[in-house]
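Asker: All I have is the shape, not the residue letters:
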């Protein structure tokens, strides 16, 4: 177990309650999500504002991450977050015309819900930028066209898709930027090869057992995002000891008794 402590529940509980009450909370939504295509021969999609500082993270397999070290701009200095609609990038060789709208909307909406659930108890989710507000941007990278689905329907009221969406090689690109300046505060590229069987074949895939691999993948990415935020939000044990030693709520005399 780590010898560091997280300030999430120590430093800003009271502030968050007051801040959240003053702000409009947002609802997970896929509205505004766009569909783009991975550029050929590129390691990354181009979605993040900056990739230069990403480095392998020993705590997270198959991931590269970055968290700003400037004391004035660390994650723990912020008290709320705006969560932007999730974006989708299809694989370089995929036929974009065969990506069903209902399928991509369902994926984006579910992942946004998973992200919101993962981070909302650490950062109240708001809709307006401010000096203590982060903006969370996320994209699913490498969505591919799957096979035809028997009984697939074009009827908007039928949740079954005509063609499955293959997410076996999908990765995630996520960043947190200052909501006012756009400065990148933290970022991560998470590549988990899910393998065969990870697909979305219904607009209601989150409630269908046969698409359990897809649901677990989205939940897993959201969970790893929260773990990354927690790790970036920790104070080393030595610093924590100094904070505790300097805290004298009843004056200096209380430490001499």
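Answerer: That came through fine. These figures come from a predicted structure and were not determined experimentally.

Asker: Now residue 74: closest residue in space, sequence neighbours ignored.
Answerer: Using Cβ to Cβ, 6 or more residues apart in numbering and skipping the chain neighbours, the partner closest in space to residue 74 is residue 68 (6.4 Å). Bear in mind the C-beta positions are built from the backbone N, C-alpha and C, glycine included.

Asker: Low-confidence stretches in the protein?
Answerer: Within the chain, the stretches with pLDDT under 70 are 1-34, 70-73, 150-158, 195-197, 233-257.

Asker: Look through it and tell me its longest helix.
Answerer: Ranked by residue count under DSSP state H, the longest helix found in the chain is helix 212-232.

Asker: where do the helices sit along the stretch 101-250 of the chain?
Answerer: Counting by DSSP state H, counting those that start in this stretch, the stretch 101-250 of the chain has helices at residues 101-119, 212-232, 237-245.

Asker: buried sites along the longest one?
Answerer: Judged by neighbour count (16 or more other Cβ atoms under 10 Å), helix 212-232 contains these buried residues: 213-215, 217-219, 221-222, 224-226, 228-229, 231-232.

Asker: just these now: which is nearest residue 207?
Answerer: Nearest to residue 207 among the buried residues of helix 212-232 is residue 215, at 8.8 Å by Cβ to Cβ.

Asker: and the residue nearest to the closest one when sequence neighbours are not counted, what does it touch?
Answerer: Closest residue to residue 215 apart from its sequence neighbours, by Cβ to Cβ, 6+ apart: residue 206 at 5.4 Å. Contact analysis of residue 206 by Cβ atoms under 8 Å, 6 or more residues apart in numbering lists 106, 110, 215.

Asker: re earlier: can you get me a residue count around the residue nearest to residue 74?
Answerer: By other Cβ atoms under 10 Å, 19 other residues sit near residue 68.

Asker: ok, it to residue 232 distance?
Answerer: According to Cβ to Cβ, to the nearest Å, residue 68 and residue 232 sit 9 Å apart.

Asker: now swap in residue 94 and tell me
Answerer: Noted for residue 94: a distance of 33 Å to residue 232, by Cβ to Cβ.

Asker: same question, residue 127
Answerer: In terms of Cβ to Cβ, residue 127 sits 24 Å off from residue 232.

Asker: and if you look at residue 141?
Answerer: Separation of residue 141 from residue 232 (Cβ to Cβ) stands at 21 Å.

Asker: mind checking the SS state of residue 45?
Answerer: At residue 45 the chain is in coil, as set by DSSP: H, G, I helix; E, B strand; the rest coil.

Asker: so what's it up against?
Answerer: Going by Cβ under 8 Å, 6+ apart, residue 45 touches 36, 38-39, 89, 139, 141, 173.

Asker: Show me how to select, in PyMOL, the buried members of those.
Answerer: Buried residues among those (16+ other Cβ under 10 Å), as a PyMOL selection:
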select buried, resi 38+89+139+141+173
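
Asker: So in terms of bridging, what pairs with residue 37?
Answerer: Legend: beta-bridge partners of residue 37 under DSSP bridges are residue 90.

Asker: Tell me the spacing between it and residue 144.
Answerer: 11 Å.

Asker: repeat for residue 44
Answerer: For residue 44, the distance to residue 144 (Cβ to Cβ) stands at 17 Å.

Asker: swap in residue 92?
Answerer: When distance is defined by Cβ to Cβ, residue 92 is 10 Å away from residue 144.
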